[in-house]
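K.L.:
my questions concern the predicted model and sequence given below.
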Amino acid sequence: MAHPVVVVVDVQERLDAERRDDMVTNVKTLASAARRLGVPVLVTEQYPKGLGRTLPEVRSLLGEAPPFEKTAFSCADAVCSRRPANLEIGLGQARQAGAVVTATETVVFQRLGSADSDAFRELSKLLR
């Protein structure tokens with residue numbers, strides 16, 4: 001049986017991207033679902049001294065998960081990028097490495113399993 005984990009990779013103050021608002025909305029949804037469903041959350045920050053900390057609006061949803069500070073590019077930030085071409089390249093690399101590229105809504109609904117629960121009624125509101 002799989003043991004899911006949500007990994008929030010480098011969602012930091014000084015990173016700017018065209019798709020930032022959508023990405024932040026999706027991270028908030030996944031973090032809320034993880035908290036509600038008891039899924040562990042890990043957080044990374046790329047060189048926080050230069051790029052700042054995890055966005056406050058995201059950080060507030062992550063509970064007590066301490067960020068893993070790093071300076072190596074050891075986590076693929078492929079969901080949001082400064083340029084659309086970089087996004088596609090990152091997603092392609094993730095697929096080649098065996099990642100299953102999916103959507104926020106799909107992850108939440110798969111984890112819920114069915115629509116006959118209080119958790120479904122609570123979390124489905126986040127996806128509207």
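P.N.:
Happy to help now that I have it.
K.L.:
please, where are all the strands along the chain?
P.N.:
6-9, 41-46, 67-70 (DSSP state E).
K.L.:
can you pull the buried residues of the longest helix anywhere in the chain?
P.N.:
Counting residues, the longest helix in the chain under DSSP state H turns out to be helix 20-37. Burial within helix 20-37, assessed by neighbour count using 16 or more other CB atoms under 10 Å, is assigned to 23-24, 26-34, 36. To be clear about C-beta, it is placed using only N, CA and C from the backbone, and glycine gets the same treatment.
K.L.:
give the residue farthest from the middle of this structure.
P.N.:
What lies farthest from the middle of the chain is Asp116; by CA atoms, centre = their mean that is 25.7 Å.
K.L.:
from Ala33, how far off is that one?
P.N.:
Asp116 sits 17 Å away from Ala33, going by CB to CB, to the nearest Å.
K.L.:
repeat that for Val5.
P.N.:
Distance of Val5 to Ala33, computed by CB to CB: 13 Å.
K.L.:
between those two, which contacts overlap?
P.N.:
Common contact partners of Val5 and Ala33 (CB atoms under 8 Å, 6 or more residues apart in numbering): Val39.
K.L.:
for Val101, grab phi and psi.
P.N.:
The phi/psi pair for Val101 (degrees, to the nearest 10) reads phi -80, psi 130.
K.L.:
which residues sit in contact with it?
P.N.:
Neighbouring residues of Val101 by CB under 8 Å, 6+ apart: 91, 94-95.
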